[in-house]
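K.L.:
the following comprises the amino acid sequence and a computationally predicted model.
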Amino acid sequence: MPQSPRAGHSSPLPQQSVQSDGPSARLWSVYVAEADRQDRALAHSWKGNMDALLIFAGLFSASITAFLIESYKSLTPDPNLIILGHISLQLAALANGTHRVQPDPEPVPFEPPVASLLCNVFWFLSLAFSLAGALAATLVEQWTRNYLTAVQKHPAPQIRARVRAYLYQGLQQFGMSTVVETIPTLLHISLFLFLAGLVAFLSPINSLICSLCAAILVVCTTLYAVVTLLPAFFHQCPYRTPFTSLCWRVWQAVSSYHYGFETPLTMSDARELSAVARRPARDERDKEALCRTVRSLLDGGEFAAFIEGIPGFLIDDFSGADIMKHILRDTDLNLGLRIVETLHISHSQQLHVLGQVNGAKVEKPWCRTTLGKP
């Protein structure tokens, strides 16, 4: 009778996990150390974002619920009006001198006002999007904890590295980063739906307050659209929304179809190309950055490292000579004088060390001669 794999053969994983000090362990340990640093930074970023979203979603959902308690009543007929209708019929019968019971009138079909219907639609959708965002944030935190637990489970570096590479490939393949970036979109949609419902709620009550809320909604929507589109045209713009990446992909797809680009750029690639492209603006940024660096270097060791890097900068950078001339001409920096002083101090220290070494070499034969005497 053939034995089952579980009974007849042991799993290879426990056998390999015992070999935590194999020949390749040292190489994989370097990968594991770097991967752990990246994973912890990524998990810390995701957790911080999800915690903030959970707090916002909880408070916002409670606020929407308070408004819905008052607004949903307008979707059904008021029972007090029905009772008052019956009473009015009875009073009319008594006034006419008839005492027989009047039959109940045909119920008039109830239709809620359009403003009330729109208000409740917007607010119920807002509550649904807010709760969906809170659920997604909770799931992301759970997935992050499961990922960290799985990649740090095994002590053997080679197994731990391969498990981490396998799971990290899954993060990229299934778009975990895209999911994390999409969750704030749910809360943003929820907020705009709430503002739209607020305008519909106030429209039959007070036109002035309704107009003010509508103006606020238009201003917020316009600013949100501007902030969404700015990074697509100005790559150094720090503002962005969850829809920015979507707009960039659509723009790249249209440009690729129209101009025949084979490989559309990602937003990060376009930002890096704009930062390192040889342009006069880049030279001005380099001058400003290096001047700020020289002003902040107060320690002698750091300034000496800066001096050692100047020849390489002049060789590697095409406009390095012009940038360095500009820095040397800046009277506030006094870079030339500081370089001379640093080199003089370094030369004095080297002479002092050489003097100590030569003195030690001269003293050693004398010490041996002295100690060798009876």
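P.N.:
Yes, it's here.

K.L.:
assign residue 331 to helix, strand or coil.
P.N.:
coil (DSSP: H, G, I helix; E, B strand; the rest coil).

K.L.:
give me phi/psi at it?
P.N.:
Reported as degrees, to the nearest 10, the phi and psi values for residue 331 are phi -70, psi -20.

K.L.:
where's residue 49, which helix or strand?
P.N.:
helix 25-71 (DSSP states H and E).

K.L.:
give me the mean pLDDT for that helix.
P.N.:
For helix 25-71, the mean pLDDT works out to 91.

K.L.:
and for stretch 205-216?
P.N.:
For stretch 205-216, mean pLDDT is 92.

K.L.:
I'd say residue 339 and residue 306 touch.
P.N.:
No. Taking contacts as Cβ atoms under 8 Å, residue 339 lies outside contact range of residue 306: 9.3 Å. Quick note: C-beta positions are derived from backbone N, CA and C, even for glycine.

K.L.:
any stretches of the protein with poor pLDDT?
P.N.:
Scanning the chain for pLDDT under 70 picks out 1-23, 77-110, 258-264, 299-300, 317, 346-374.

K.L.:
give me the distance between residue 46 and residue 190.
P.N.:
According to Cβ to Cβ, to the nearest Å, residue 46 and residue 190 sit 21 Å apart.

K.L.:
quick one, what contacts residue 230?
P.N.:
Contacts for residue 230 (Cβ atoms under 8 Å, 6 or more residues apart in numbering) come out as 237, 239-240.

K.L.:
got JSON lines for those residues, with distance to residue 113 too?
P.N.:
Formatted as JSON lines, the contacts of residue 230 follow (distance: Cβ to Cβ, whole Å):
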{"residue": "237", "distance to residue 113": "44"}
{"residue": "239", "distance to residue 113": "39"}
{"residue": "240", "distance to residue 113": "39"}
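
K.L.:
closest to residue 228 out of those residues?
P.N.:
Lowest distance from residue 228 to the contacts of residue 230 (Cβ to Cβ) belongs to residue 240, with 7.4 Å.

K.L.:
now the closest one, what are its backbone angles?
P.N.:
Dihedral angles (degrees, to the nearest 10) for residue 240: phi -170, psi 160.

K.L.:
residue 271: what's its closest spatial neighbour, skipping adjacent residues?
P.N.:
The shortest distance from residue 271 to any non-neighbouring residue, by Cβ to Cβ, 6 or more residues apart in numbering, is to residue 235 (4.5 Å).

K.L.:
how many other residues sit next to that neighbour?
P.N.:
Residues lying near residue 235 (other Cβ atoms under 10 Å) number 16.

K.L.:
isn't it right up against residue 269?
P.N.:
No. With contacts counted by Cβ under 8 Å, residue 235 stays clear of residue 269, the gap being 10.0 Å.

K.L.:
so what's residue 279 up against?
P.N.:
Residues near residue 279 by Cβ under 8 Å, 6+ apart: none.

K.L.:
before we move on, the earlier item: between residue 46 and residue 190, which one's more packed in?
P.N.:
Between residue 46 and residue 190, counted using other Cβ under 10 Å, the more crowded position is residue 190 (24 against 20).

K.L.:
quickly find the element holding that one.
P.N.:
Per DSSP H and E: residue 190 is located in helix 176-202.

K.L.:
buried stuff in that helix?
P.N.:
Buried residues in helix 176-202, counted by 16 or more other Cβ atoms under 10 Å: 176, 180-184, 186-187, 189-202.

K.L.:
how big is the angle separating that helix from helix 25-71?
P.N.:
10 degrees (axes from the mean of the first three to the mean of the last three Cα atoms, to 10 degrees).

K.L.:
who are the packing partners of helix 176-202?
P.N.:
In terms of contacts (3 or more Cβ pairs under 8 Å, 6 or more residues apart in numbering; DSSP states H and E), helix 176-202 is packed against helix 25-71, helix 114-151, helix 207-233.

K.L.:
could you single out the most deeply buried of those?
P.N.:
Among these, helix 114-151 has the highest mean neighbour count (mean count of other Cβ atoms under 10 Å), at a mean of 18.

K.L.:
after that helix comes which helix or strand?
P.N.:
Per DSSP H and E, helix 114-151 leads on to helix 157-173 as the next helix or strand towards the C-terminus.

K.L.:
what residues sit buried inside that following helix?
P.N.:
Within helix 157-173, the residues that count as buried by 16+ other Cβ under 10 Å are 157-161, 163-164, 168, 171.

K.L.:
nearest to residue 323 among those residues?
P.N.:
Distance to residue 323, by Cβ to Cβ, is smallest for residue 168 among the buried residues of helix 157-173, at 39.7 Å.

K.L.:
show me what contacts that closest one?
P.N.:
Residues near residue 168 by Cβ under 8 Å, 6+ apart: 35, 39, 151.

K.L.:
quick check: it vs residue 177, distance?
P.N.:
From residue 168 across to residue 177, the span is 11 Å (Cβ to Cβ).

K.L.:
ok, residue 156 next?
P.N.:
Distance of residue 156 to residue 177, computed by Cβ to Cβ: 29 Å.

K.L.:
got the contact list for the closest residue to residue 194 other than its chain neighbours?
P.N.:
Nearest non-adjacent residue to residue 194, counting by Cβ to Cβ, 6+ apart: residue 126, 4.4 Å away. Contact analysis of residue 126 by Cβ under 8 Å, 6+ apart lists 64, 190-191, 193-194, 197.

K.L.:
now these as TSV including distance to residue 132?
P.N.:
Shown next, in TSV, are the contacts of residue 126 (distance: Cβ to Cβ, whole Å):
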residue	distance to residue 132
64	13
190	8
191	14
193	12
194	14
197	17
